[in-house]
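>>> structure of the sequence below:
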Amino acid sequence: MTIGYVWLHPLLPLNGMTGALLLALLFAALRVCGPVWALWMQGAHSIRYLAVEVASPVVGSIVFALTLYLLM
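Below you'll find the predicted structure:
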C-alpha cells in the first residue's frame, strides 16, 4: 500500500488531505470487497460480523493513508 500511495498520490487532481482520504477510500474498497463478498456468499456469518469485517479495513486504510500523508 505504501508504494501505491507514493505512486498514486501525485497523480490525483486533489492535493493534500483530500487526496489522501480519497486514496484511503480506494484502498479500503480494495481491501473490503473480496473478503466480505466471499463471507456474505457463504451465508454462515451474522451481519454484525460482516460489519466488523468492513469497519476494520476502512479504519485501517484511513489511518494508514493519513499517516503517510503526514510523514511525506
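
>>> name the residues of stretch 65-72 that are buried.
When neighbours are counted by 16 or more other Cβ atoms under 10 Å, the buried residues of stretch 65-72 are found to be 65, 68-69. No exception for glycine: its C-beta is placed from N, CA and C like everyone else's.

>>> how near is the most centrally placed residue in the chain to Ala44?
Residue closest to the average C-alpha location in the chain (Cα atoms, centre = their mean): Ala28, at 1.7 Å. Using Cβ to Cβ, to the nearest Å, Ala28 is found at 24 Å from Ala44.

>>> which is the succeeding secondary structure element to whatever helix or strand Ile3 lives in?
When elements are defined using DSSP states H and E, Ile3 is found to belong to helix 2-8. Sequence-wise, the next helix or strand beyond helix 2-8 is helix 16-42, with elements assigned using DSSP H and E.

>>> pLDDT below threshold where in this structure?
Judged against pLDDT under 70, the chain has no low-scoring part.

>>> OK, contacts around Met1?
For Met1, the contacting residues are 27, 61, 64, by Cβ atoms under 8 Å, 6 or more residues apart in numbering.

>>> skipping adjacent residues, who's closest to the first one in space?
When the adjacent residues along the chain are set aside, Phe27 lies closest to Ser61, with 4.2 Å between them (Cβ to Cβ, 6 or more residues apart in numbering).

>>> give the buried residues for the one helix or strand that neighbour maps to.
When elements are defined using DSSP H and E, Ser61 is found to belong to helix 47-71. The neighbour-count criterion (16+ other Cβ under 10 Å) identifies 54, 57-58, 61-62, 64-65, 68-69 as the buried residues of helix 47-71.
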